[in-house]
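Enquirer: got a structure for you, letters missing:
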């Protein structure tokens, strides 16, 4: 489960690349409570239905589900609570301005560890139309067929 840079990936929002055009990406810290980090290290996160909202000068991750830590006690966290994203004020201001545009939303792309801190990759996204999704699938299939053809022709060379 390693990411490109070598950082361990905790959760990935695979639907984001299928459903949206990703215009920009940001990396944000995640404010967590008690046993949430331990639960994340065990892989107990789902961000497929999550989104990000900017309210009163702060960015919030909503709809993410982090399982309660199995060895936790009564101080375990609420699995679906809103979590604050740690971004610079300038970045939050920029994101708030971008989201005011029609059809633009903020989606978490993945959760990963970076130097033992949990980070979220935030995507500024615009929804794809149905024909865009079909075109993406056709491109992927064409690339796969080209790779198969190349691997067959160059094997004995």
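Expert: Yep, it's here. What you see is a predicted model, and the numbers here were worked out from it, not measured in a lab.

Enquirer: low-confidence stretches in the chain?
Expert: Flagging of the chain using pLDDT under 70 yields the residue ranges 1-7, 154-157.

Enquirer: residue 58 is in contact with residue 82, correct?
Expert: No: the criterion here is CB atoms under 8 Å, and residue 82 misses it with residue 58 at 10.1 Å. (Glycine included, C-beta is placed from N, CA and C.)

Enquirer: who's more crowded, those two?
Expert: Between residue 82 and residue 58, counted using other CB atoms under 10 Å, the more crowded position is residue 58 (15 against 12).

Enquirer: quick check on the nearest residue to the more buried one once chain neighbours are set aside: phi, psi?
Expert: Nearest residue to residue 58, sequence neighbours excluded (CB to CB, 6 or more residues apart in numbering): residue 84, at 6.0 Å. For residue 84, the backbone dihedrals are phi -80, psi 140 (criterion: degrees, to the nearest 10).

Enquirer: what's the burial count for residue 84?
Expert: 14.

Enquirer: what segments of this structure are helices?
Expert: Here the chain has its helices, by DSSP state H, at 14-19, 36-41, 89-99, 130-153.

Enquirer: for residue 67, find the nearest of those.
Expert: helix 36-41 (5.4 Å; CB to CB).
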